[in-house]
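K.L.:
below: sequence and its predicted model.
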Amino acid sequence: MNQKTAQLIAADKARIWHPFTQMKAWADPAHEPLVLVDGQGAMVRDSEGREYIDGNSSIWTNLHGHRHPAITQAIKDQLDKVAHVSFLGSTNQPAIELADRLAALLPESKLDRVFYSDDGSTAVEVALKMALQYWQLSGDPQRNQFVSFANAYHGDTAGAASLGGLGTFFDRFGAIHFDTHHVEDLAALEALPDEVTSRLAAVIIEPKVQGAAGIRLWPDGMLIKLRAWCDRMGTLLIFDEVLTGFGRTGRMFACQHESVAPDFLCLAKGLTGGYLPLAVTLTTGRIYEAFLGEFHELKTFFYGHSYCGNALGCAAALASLDVFENEKVLIKLEEKIYWLEELLGGLSALPQVAEIRRCGFIAGIELQKASGMRCDWREQTGARVCVAARKSGLLTRPILDTVALIPPLCISKAQLSAAVLALESAIQEVIPD
Ligand code: PLP
């Protein structure tokens, strides 16, 4: 390890508390975290000069690659004008243009109102609070409960965390959570008694695929049935497309696979191409209009963050949408999705692979012992496979014993092959057959 890397790691361990990280293990002298210094396209490079395929798109954010000239230039151009101005009491051109472009992406949906925030959690938080206030303003204040699905992940702020179905993350904070019913699937939702359904403000789902649950797919047709159920019950529907938005499933948005529109659509992560934190919650005129009134009626949505409508983020997002168009990203992606399917088909033959779940460019490889027995999660097999894969130039993260492969949309077929090959040798190395 070079001296600079060693200094940086020591300084990190002395000061920083990392997200979702057991810091005792992080601070262990034997642990050598990667210090990432730059990136180009689907590759990132560490302070030792080693290059890796960015196999989880820098935590599911990056779409068109690192240092994409168009996005970099758009951010620089905006920086030459102004980085950030208040969205409370004033507005800015990139935010206005972006709202228009986003609404135009789903013309049939009636989702034509755009509320800006910062990240996936706040996009969801906004939808929840808008839904609650909508029912208060509409004379139905008893509709103050939510439904989310088992194993769901919608973020970490208290409201969004209320919806989380992963007990390990959320149970300890139950006392401060919104009133939420966690249901296993559509059948369990349909079985909810009238006393519950009449109290529901909204149902939230990660459409087509649950990410943090370990890449778990919903059955085809689920969204259509869910929309119909919400309409019958008179409740609102929230789609959390923080992961699935912006091409990851092969369509611009996952809800387009079933031509279903929610009442709220939450977008973040890939919104700026993975360059800057920015989020939006789109909703309909029906919701928006319920909040209109005289100031003294106090119908206002009293909610916002300092960086709402951040001009740099909006400029990056506009450039990312341009890249989608100019580089025909979704058309080119089709072939790469088939290629990924083919590669993963080969990988599934390994006795150490229990199952591969995939929706478009979102894939999860669930590991098992070569005997077919489940791995013991305490042995952190998934994490060890990811560390081993680094030696062959792949950087990705596990969700327990499922290794997520969610590369940037710009990755080449050759890089995809190299990524899957790296996984194969890491699996063989870590799990003896
Ligand atoms: N919703 C989904 C579906 C997610 O996958 C995530 C993050 O992984 C979030 C919300 C929270 O997003 P953020 O980490 O940007 O707050």
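P.N.:
Okay, I see it.

K.L.:
quick one: least confident helix or strand in the protein?
P.N.:
helix 167-170 (a mean of 82; mean pLDDT, DSSP states H and E).

K.L.:
give me the helices and strands touching that helix, please.
P.N.:
helix 158-162 (3 or more CB pairs under 8 Å, 6 or more residues apart in numbering; DSSP states H and E). To be clear about C-beta, it is placed using only N, CA and C from the backbone, and glycine gets the same treatment.

K.L.:
pLDDT on the helix it packs on, on average?
P.N.:
Confidence over helix 158-162 (mean pLDDT, whole number) is 93.

K.L.:
and what of stretch 303-320?
P.N.:
Per-region confidence: stretch 303-320 scores 98 on mean pLDDT.

K.L.:
is that stretch in proximity to the ligand?
P.N.:
No. Stretch 303-320 lies out of reach of the ligand by CB under 6 Å from any ligand atom, never closer than 12.3 Å.

K.L.:
what does the stretch 251-400 of the chain have sitting close to the ligand?
P.N.:
Remark: the part of the stretch 251-400 of the chain in contact with the ligand comprises 268-269, using CB under 6 Å from any ligand atom.

K.L.:
ditto for the stretch 1-150 of the chain
P.N.:
Close to the ligand, as judged by CB under 6 Å from any ligand atom, the stretch 1-150 of the chain has residues 119-121, 124.

K.L.:
re earlier: buried ones in the least confident helix or strand of the chain, by neighbour count?
P.N.:
Within helix 167-170, the residues that qualify as buried by neighbour count (16 or more other CB atoms under 10 Å) are Phe170.

K.L.:
I'd like the average pLDDT over the next helix-or-strand element following that helix.
P.N.:
Past helix 167-170, heading to the C-terminal end, the next element that is a helix or strand (DSSP states H and E) is strand 180-183. Regarding strand 180-183, the rounded mean pLDDT is 96.

K.L.:
could you dump strand 180-183 to CSV, C-alpha only?
P.N.:
C-alpha atoms of strand 180-183 as CSV (Å, rounded to 0.1, in the frame of the first residue of the first chain):
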residue,chain,number,x,y,z
THR,A,180,-48.1,0.8,8.8
HIS,A,181,-49.5,-2.6,7.9
HIS,A,182,-46.8,-4.8,6.4
VAL,A,183,-48.3,-7.4,4.0
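
K.L.:
who does the helix or strand following that strand touch, helix- and strand-wise?
P.N.:
Past strand 180-183, heading to the C-terminal end, the next element that is a helix or strand (DSSP H and E) is helix 186-190. Judged by 3+ CB pairs under 8 Å, 6+ apart, the packing partners of helix 186-190 are helix 222-233.

K.L.:
what pLDDT, on average, does the helix it packs on get?
P.N.:
The average pLDDT for helix 222-233 rounds to 98.

K.L.:
in the stretch 1-150 of the chain, what residue lies closest to the ligand?
P.N.:
Evaluated by CB to the nearest ligand atom, the stretch 1-150 of the chain has Gly120 as its residue closest to the ligand, separated by 2.1 Å.

K.L.:
for that residue, which non-adjacent residue is closest in space?
P.N.:
Nearest-residue entry for Gly120: Val242, 3.5 Å, with adjacent residues in sequence omitted and distances by CB to CB, 6 or more residues apart in numbering.

K.L.:
check Glu125 too.
P.N.:
For Glu125, the nearest residue in space outside its immediate sequence neighbours is Gly159; the separation is 4.6 Å by CB to CB, 6+ apart.

K.L.:
check the burial of that neighbour by counting its neighbours.
P.N.:
Counted with other CB atoms under 10 Å, the burial measure for Gly159 works out to 22 neighbours.

K.L.:
hang on, it packs against Leu128?
P.N.:
Yes. Shown here, Gly159 and Leu128 form a contact pair, counting by CB atoms under 8 Å, at 4.7 Å.

K.L.:
any shared contact partners between the two?
P.N.:
With contacts defined as CB atoms under 8 Å, 6 or more residues apart in numbering, the residues shared by Gly159 and Leu128 are Phe178.

K.L.:
contacts only, for Phe115.
P.N.:
Contact criterion CB under 8 Å, 6+ apart gives 126, 130, 280-283, 301 as the residues in contact with Phe115.

K.L.:
try it again with 6 Å
P.N.:
For Phe115, the residues meeting the contact criterion (CB atoms under 6 Å, 6 or more residues apart in numbering) are 126, 281.

K.L.:
using the three-state scheme, assign it.
P.N.:
On the three-state scheme (DSSP: H, G, I helix; E, B strand; the rest coil), Phe115 is labelled strand.

K.L.:
in the stretch 251-400 of the chain, what residue comes closest to the ligand?
P.N.:
Ala268 (4.8 Å).

K.L.:
I meant to write the stretch 201-350 of the chain there.
P.N.:
When distances are taken as CB to the nearest ligand atom, the stretch 201-350 of the chain reaches nearest to the ligand at Val242, 3.5 Å away.

K.L.:
any idea how far Ile287 is from the residue most central in space within the chain?
P.N.:
Closest residue to the average C-alpha location of the chain: Leu243 at 2.5 Å, with CA atoms, centre = their mean. From Leu243 across to Ile287, the span is 23 Å (CB to CB, to the nearest Å).

K.L.:
could I get the buried residue list for stretch 422-433?
P.N.:
Taking 16+ other CB under 10 Å as the basis for neighbour counts, the residues of stretch 422-433 that come out buried are 422-424, 426-427, 430-431.

K.L.:
could you give the number of residues near Ser117?
P.N.:
Residues near Ser117, counting by other CB under 10 Å, number 25.

K.L.:
His257 now?
P.N.:
Around His257 there are 18 residues (other CB under 10 Å).

K.L.:
quick one, what contacts it?
P.N.:
For His257, the residues meeting the contact criterion (CB under 6 Å, 6+ apart) are Arg251.

K.L.:
quick check: which element contains the closest residue to Ser425 other than its chain neighbours?
P.N.:
Distance criterion CB to CB, 6+ apart; nearest residue to Ser425, sequence neighbours excluded, is Ser392 at 5.5 Å. Under the criterion of DSSP H and E, Ser392 resides outside all helices and strands.

K.L.:
which pLDDT value goes with Leu347?
P.N.:
Per-residue pLDDT puts Leu347 at 97.

K.L.:
now the strands for the stretch 251-400 of the chain?
P.N.:
Under the criterion DSSP state E, counting those that start in this stretch, the stretch 251-400 of the chain contains strands at 264-267, 279-283, 353-359, 362-367, 394-395, 398-399.

K.L.:
name the strands paired with the fourth one and say parallel or antiparallel.
P.N.:
What that stands for is strand 362-367. strand 353-359 (antiparallel), strand 402-405 (antiparallel) (DSSP bridges).
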